[in-house]
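Q: structure for the following, please:
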Amino acid sequence: MISAEYIAGFFDGEGCIDFKRTGQARMIAVRAALTNTNLEFLKLIQIQYGGKIYSKPIKGKPHWKNWNALTWINSEAINFLKLIKPYAFLKLDQIKLAEEYWEFSQTPKSMRCENILVLCKDGKNRSISMRTDETLVIEQEFKDRMHDLNRKGIALQ
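A: You can find the predicted model right below:
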């Protein structure tokens, strides 16, 4: 069993939180990731904390170890981050921002989107939800704030 305290410390050093645009609607997804060359260690973490593992070799460096990432997306990421939050230090601001964005993203669609009627090929009208301009601006602000936090890192005082 790997404690949440240990994982929080490991995540502070080897982890990353970011927002990625995904899918046709270009929605923002919360992503948390741990990277390490030790695949077996990431598998142990995955057994206890979930997530999905990605591996790939480093191009042009055949003698280097593979790059591996254990990732969590959206609600799975938020659940993982909540587990380690009490013990996090370096990534605490990013965790708080991810939680803030997640809370915003879970507000009812009727508050973040507008319904638009679209004429389809079959001649029928269909209603689709489109994010309002205000929602798009708020999403971009969250993305920019996370980018700034990740770029700045931490200044120990």
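Q: report all helices and strands that the longest strand along the chain contacts.
A: What stands out as the longest strand in the chain, according to DSSP state E, is strand 27-36. When contacts are defined as 3 or more CB pairs under 8 Å, 6 or more residues apart in numbering; DSSP states H and E, strand 27-36 sits against helix 4-14, strand 15-22, helix 39-49, strand 67-73, helix 75-84, helix 92-105, helix 133-152. Every C-beta, even on glycine, is put in place using the N, C-alpha and C of the backbone.
Q: could you export these as a markdown table, including mean pLDDT, mean neighbour count and distance to Ser55?
A: Below are the helices and strands packed on strand 27-36 laid out as a markdown table (pLDDT from 0 to 100; neighbours: other CB atoms under 10 Å; distance: least, CB to CB, whole Å):
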| stretch | mean pLDDT | mean neighbour count | distance to Ser55 |
| --- | --- | --- | --- |
| helix 4-14 | 95 | 17 | 15 |
| strand 15-22 | 91 | 17 | 16 |
| helix 39-49 | 96 | 15 | 6 |
| strand 67-73 | 94 | 19 | 5 |
| helix 75-84 | 98 | 19 | 19 |
| helix 92-105 | 95 | 17 | 24 |
| helix 133-152 | 90 | 14 | 23 |
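Q: so can I have a markdown table of the ones you listed showing distance to Ala29?
A: As requested, the helices and strands packed on strand 27-36 are exported to a markdown table (distance: least, CB to CB, whole Å):
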| stretch | distance to Ala29 |
| --- | --- |
| helix 4-14 | 18 |
| strand 15-22 | 5 |
| helix 39-49 | 18 |
| strand 67-73 | 5 |
| helix 75-84 | 8 |
| helix 92-105 | 9 |
| helix 133-152 | 11 |
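Q: so for Met111, which of those sits nearest?
A: Among the helices and strands packed on strand 27-36, helix 133-152 comes nearest to Met111, with 8.7 Å by CB to CB.
Q: now the angle from the closest one to strand 15-22?
A: Helix 133-152 runs at 150 degrees relative to strand 15-22, counting by axes from the mean of the first three to the mean of the last three CA atoms, to 10 degrees.
Q: ok, now which ones touch the residue nearest to Lys52 when sequence neighbours are not counted?
A: Nearest residue to Lys52, sequence neighbours excluded (CB to CB, 6 or more residues apart in numbering): Thr71, at 5.6 Å. Applying CB atoms under 8 Å, 6 or more residues apart in numbering to Thr71 gives the contacts Arg31, Ala32, Ala33, Leu34, Gly51, Lys52, Ile53, Tyr54, Ala77.
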